[in-house]
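Peer 1: Have a look at this prediction, sequence included:
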Amino acid sequence: MSILTINKSKNAVDIAFEDSKMIVFLEDGRELSIPLEWFPRLRKATSEQLSKWRLIGKGEGIHWSEIDEDISVENLLE
């Protein structure tokens, strides 16, 4: 019997915003769609503030300096 294991990455490579959600693109091809409602600072931010993000820890997290928000990709996957 063989067991297939799939190495799923927990690192983001890009993010986008659409209506009231954030879409996180992972390096293994998966896309996470997360409601902005879960993150009050993101929900209240302007489009310009949302666009000023950067990946931290080689894609392990996302950071917005202007609105003082950090999100762990691993926590989004749980």
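Peer 2: Arrived safely, thanks for sending. All values reported here derive from a predicted model rather than from experimental measurement.
Peer 1: Just give the closest residue to the residue nearest the centre of the chain, not the sequence neighbours.
Peer 2: The residue lying closest to the centre of the chain (CA atoms, centre = their mean) is residue 24, at 4.1 Å. Distances taken as CB to CB, 6 or more residues apart in numbering place residue 32 nearest to residue 24, at 4.3 Å, with adjacent residues excluded. Using the backbone N, CA and C atoms, a C-beta is placed for each residue, glycine as well.
Peer 1: which residue ranges form the helices in the protein?
Peer 2: Along the chain, counting by DSSP state H, helices occupy 40-44, 47-50, 73-77.
Peer 1: Out of those, flag the one nearest residue 65.
Peer 2: helix 47-50 (9.7 Å; CB to CB).
Peer 1: Residues touching stretch 71-78, excluding its own?
Peer 2: 10-12, 24, 26, 32, 34, 39, 59-62 (CB atoms under 8 Å, 6 or more residues apart in numbering).
Peer 1: can we see that at 7 Å?
Peer 2: 10-12, 24, 32, 34, 39, 59-62 (CB atoms under 7 Å, 6 or more residues apart in numbering).
Peer 1: Which residues are in contact with residue 17?
Peer 2: residue 50.
Peer 1: Mind doing that once more with 8 Å?
Peer 2: If you count contacts by CB under 8 Å, 6+ apart, then residue 17 has 23, 36, 47, 50-51 around it.
Peer 1: Only whichever of those residues are buried, select them in PyMOL.
Peer 2: Buried residues within the contacts of residue 17, by 16 or more other CB atoms under 10 Å, are selected in PyMOL with:
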select buried, resi 36+50
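Peer 1: Farthest pair within the contacts of residue 17?
Peer 2: Longest span within the contacts of residue 17, CB to CB: 23 and 47, 14.7 Å.
Peer 1: follow-up on the earlier one: give me the subset of the contacts of stretch 71-78 lying in strands.
Peer 2: 12, 24, 32, 34, 61-62 (DSSP state E).
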